[in-house]
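S.K.: With the sequence up front, the predicted model follows.
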Amino acid sequence: MPNVHDVVVRPATPDDAEALAHLHLDVWDDAYTGLMPQQVLDDRRAAVEERVERWRTILEGDGAGRTRLAVGPEGLVGFVSAGPGRDNDVDTELELWALYVRAAWWGTGVGYVLFEEALGDRAAYLWVLAANDRAIRFYERQGFRLDGTEDEHDEGLHVRMVRAGT
């Protein structure tokens, strides 16, 4: 079984764009197959080169330093991105933009390590797919609570979770 002690967390660089784009596709398949329309996942896979270039642009620009990678013995196993909040109706300025781990690494603690790297105990908010009970339970264990705000997207209903700082 994979072990969190075999993982190194480090900042992502533009050189990671291709591997990160493929990881991002894989972890969406792991997390969302059966929870969102399959066409959404298929469309993402059909645009791999665009996704690589998007990650390269992010990591060369304002997103540099805001994405951290979990690297295991066989390569990337997860990532986290956080930064300034994009919603103006929430009392915290920090948003967890993304937190994903390969399914083979679920339950190993890698997600928690990435979460701590990005947020620690700071006040923050995030959006999560309403059907993603596993993720919602994870965030609840970290002190997040649903605030009643919802937003419909092509991939399904998203709900917002908020945590006060400690």
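M.R.: The structure has been received and is ready for your questions.

S.K.: Quick one: residues in contact with the longest helix along the chain.
M.R.: Determined from DSSP state H, the single longest helix within the chain is helix 17-32. For helix 17-32, contacts defined as C-beta atoms under 8 Å, 6 or more residues apart in numbering pick out 12, 40-41, 44-45, 48, 51-56, 59, 67, 69, 75-79, 100-103, 129, 132, 135, 155. C-betas here are computed from N, CA, C, even on glycine.

S.K.: and that helix, which residues are buried?
M.R.: 17, 19-29, 31-32 (16 or more other C-beta atoms under 10 Å).

S.K.: again with stretch 107-117
M.R.: Applying 16+ other C-beta under 10 Å to stretch 107-117 flags Thr108, Val110, Gly111, Val113, Leu114, Phe115, Glu117 as buried.

S.K.: next one: stretch 134-148
M.R.: The neighbour-count check on stretch 134-148 (16+ other C-beta under 10 Å) flags Ala135, Ile136, Phe138, Tyr139, Gln142, Gly143, Phe144 as buried.

S.K.: In JSON lines, list those along with pLDDT.
M.R.: Below are the buried residues of stretch 134-148 laid out as JSON lines (pLDDT from 0 to 100):
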{"residue": "Ala135", "pLDDT": "96"}
{"residue": "Ile136", "pLDDT": "97"}
{"residue": "Phe138", "pLDDT": "97"}
{"residue": "Tyr139", "pLDDT": "97"}
{"residue": "Gln142", "pLDDT": "96"}
{"residue": "Gly143", "pLDDT": "96"}
{"residue": "Phe144", "pLDDT": "97"}
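
S.K.: Farthest-apart pair in those residues, please.
M.R.: Ala135 and Gly143 (14.5 Å; C-beta to C-beta).

S.K.: about what we covered before: narrow the buried residues of stretch 134-148 to those in helices?
M.R.: In helices, judged by DSSP H, the following of the buried residues of stretch 134-148 are found: Ala135, Ile136, Phe138, Tyr139.

S.K.: ok, of these, which one's closest to Ala124?
M.R.: Using C-beta to C-beta, those come closest to Ala124 at Tyr139, 10.0 Å.

S.K.: I figured the closest one hits Met161, correct?
M.R.: Yes - contact criterion C-beta atoms under 8 Å: Tyr139 and Met161 qualify, at 5.2 Å.
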